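Asker: Here's a sequence, model it:
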Amino acid sequence: MPLLPFHRNEHARLKQAVHRHDAGLGAGALERLFTTVFKGLVYPQIWEDPGVDLDALELRPGARLIAIASGGCNVLSYLTAEPERIVAVDLNRAHVALTRLKLAAARHAPTYEVFYRFFGEARGKANLAAYDRYVRPHLDDETRRYWERRDALGRRRITLFARNLYRHGLLGRFIGLSHAVARLYGIDPKELVRARTLDEQRAFFAASLSPLFDKRLVRWAMSQKVSLYGLGIPPVQYEALASTGGGDMAAVLCARLERLACGFPLAENYFAWQAFARGYAADGQGPLPPYLERAHFEAISGRTDRVSVVNRSFTEQLALEPEESLDGFVLLDAQDWMTDAQLGALWAEITRTARPGARVIFRTAALASPLPGRVAPEVLGRWTYLEDRSKELAGRDRSSIYGGFHLLRMRG
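Answerer: Numbering: from 1, shown residues only. The predicted model follows:
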């Protein structure tokens, strides 16, 4: 399916998704600040585990899927399951451009090495030459303009791939700032990736990282809603996250970071490498997202035309889809942002477009699903919540930053 143009009402959609209060001081001002910063690149890498997603979705060859794009990593990784069609939607124009760039590079890079250097290492001037020669001619006009727009220093935006993409975007800068704060207290988070065993990972966290969350400056910063904008967390989601620790955000984040640092061996968890080393292991000698693994390159390259990427909301796109036409729905954590009315509209469209046996997956900052009591019983009653399976998959999610993983299956 061809790529579709960016929609011109991106900012209006973001406002609709985030704003709950009138403009002015307080909550309304914080919401408007969030929509301002969220318009740029937020996630150079998506922070949901694609292995867990694929196990939950149980996609069969020929399946049809709709997913929030974010950084595009998981959308490309889903291609390993041989779906017939994926629609990737996102309110953020930068994420749309990044996903389209990844698809074009996967399709037209002449070798795996060129593709890996571009998105696995994401630094070096050779990536700019590869972009100009192999990728640029195949981009739609909107995406090309996005990557070739120049900054105040006259650099094309595509030069992010010569300057380490993973140190940019809101998330990249947030991780960099976190490292800087740790170094103020004499701690280098990069030392974690030198650990050779889980016991060594746990020992480093207990001795070096955990004590940081008792520092007055850190506790004060974590108590400010704006401090987590770098994680893409709007004010309403901040409140849900804080509620899991009785309002003590520092304690919540310490527990989530402990799981990221110690819950899985470093040889299996590329999310830990991104958080603590600010990039993947050198020379591809560590864990990678499925789309970056050599074994999947040819398959993904040959299936990129099955993905369309659109700058729309999930509900808007579903309204364009035929009844009973989709097998999978990937909502990430978007429902944490939604009002009751938005949730109701979304689930009415999900239910209309779902085939019998279709699956919906999503994550939440808190532990519980936001659906009971907020989505009409006659709609929710058509779905089975797979509670035990959801808890099992949550325990396997290597990104470790969410409270809950949730899986529902369409009855019939």
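
Asker: Would you map the strands across the chain?
Answerer: Taking DSSP state E, the strands of the chain run over residues 64-68, 85-89, 307-310, 326-330, 354-364, 383-385, 404-410.

Asker: got TSV for the ones you listed, with mean pLDDT, distance to residue 239 and mean neighbour count too?
Answerer: In short, each C-beta sits where N, CA and C put it, glycine included. Shown next, in TSV, are those (pLDDT from 0 to 100; distance: least, Cβ to Cβ, whole Å; neighbours: other Cβ atoms under 10 Å):
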stretch	mean pLDDT	distance to residue 239	mean neighbour count
strand 64-68	98	21	23
strand 85-89	98	26	23
strand 307-310	98	30	23
strand 326-330	98	24	25
strand 354-364	97	13	21
strand 383-385	98	24	16
strand 404-410	97	16	22
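
Asker: Include distance to residue 124 when you put those into JSON lines, please.
Answerer: Output for the strands of the chain, formatted as JSON lines (distance: least, Cβ to Cβ, whole Å):
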{"stretch": "strand 64-68", "distance to residue 124": "30"}
{"stretch": "strand 85-89", "distance to residue 124": "27"}
{"stretch": "strand 307-310", "distance to residue 124": "26"}
{"stretch": "strand 326-330", "distance to residue 124": "32"}
{"stretch": "strand 354-364", "distance to residue 124": "33"}
{"stretch": "strand 383-385", "distance to residue 124": "47"}
{"stretch": "strand 404-410", "distance to residue 124": "36"}
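
Asker: Go through the ones you listed and name the closest to residue 152.
Answerer: Taking Cβ to Cβ as the criterion, strand 307-310 is the member of those that comes nearest to residue 152, at 28.3 Å.

Asker: Which strands or helices does that closest one pack on?
Answerer: For strand 307-310, the contact count by 3 or more Cβ pairs under 8 Å, 6 or more residues apart in numbering; DSSP states H and E identifies helix 73-78, strand 85-89, helix 93-108 as packing neighbours.

Asker: go again using 7 Å as the cut-off
Answerer: With contacts defined as 3 or more Cβ pairs under 7 Å, 6 or more residues apart in numbering; DSSP states H and E, the secondary structure elements packing on strand 307-310 are strand 85-89, helix 93-108.

Asker: Mind putting the ones you listed into JSON lines with distance to residue 155?
Answerer: Below are the helices and strands packed on strand 307-310 laid out as JSON lines (distance: least, Cβ to Cβ, whole Å):
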{"stretch": "strand 85-89", "distance to residue 155": "27"}
{"stretch": "helix 93-108", "distance to residue 155": "16"}
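
Asker: Out of these, flag the one nearest residue 343.
Answerer: Between residue 343 and the helices and strands packed on strand 307-310, the tightest spacing by Cβ to Cβ is seen for strand 85-89, at 16.6 Å.

Asker: Pull the distance from the closest one to the chain's centre.
Answerer: Relative to the chain's own centre, strand 85-89 is displaced by 15 Å; criterion: Cα atoms, centre = their mean, to the nearest Å.

Asker: Other residues contacting that strand?
Answerer: Under the criterion Cβ atoms under 7 Å, 6 or more residues apart in numbering, residues 1, 64-69, 75, 78, 99, 306-310, 312-314, 317 lie in contact with strand 85-89.

Asker: which residue is nearest the middle of the protein?
Answerer: Residue closest to the mean C-alpha point of the chain, counted by Cα atoms, centre = their mean, is residue 46 at 3.0 Å.

Asker: Tell me the predicted confidence for it.
Answerer: Taken from the predicted model, the pLDDT recorded for residue 46 is 94.

Asker: Residue 229 too?
Answerer: Residue 229 is given a pLDDT of 61.

Asker: sorry, back to before: am I right that the residue nearest to the centre of the chain is in contact with residue 71?
Answerer: Yes: when contacts are counted by Cβ atoms under 7 Å, residue 46 is listed as touching residue 71 (4.3 Å).

Asker: where does this structure dip in pLDDT?
Answerer: Where the chain drops to pLDDT under 70, the residues are 1-39, 227-235.

Asker: per-domain residue ranges of it.
Answerer: Taking automatic domain parsing as the reference, the chain has its domains at 10-113+293-410, 169-278.

Asker: To residue 159, which of those domains lies closest?
Answerer: Shortest separation from residue 159 across the domains of the chain is recorded for domain 10-113+293-410, at 13.2 Å, computed as Cβ to Cβ.

Asker: How about the contacts made by residue 168?
Answerer: Counting by Cβ under 7 Å, 6+ apart, residue 168 touches 41, 44, 160.

Asker: if you set the cut-off to 10 Å instead, what comes out?
Answerer: With contacts taken as Cβ atoms under 10 Å, 6 or more residues apart in numbering, residue 168 has the following neighbours: 40, 41, 44, 122, 157, 160, 161, 176.

Asker: Same question for residue 261.
Answerer: So, once contact is read as Cβ under 10 Å, 6+ apart, residue 261 ends up touching 189, 192-193, 195, 201-202, 204-206, 208-210, 269, 272, 275-276, 400.
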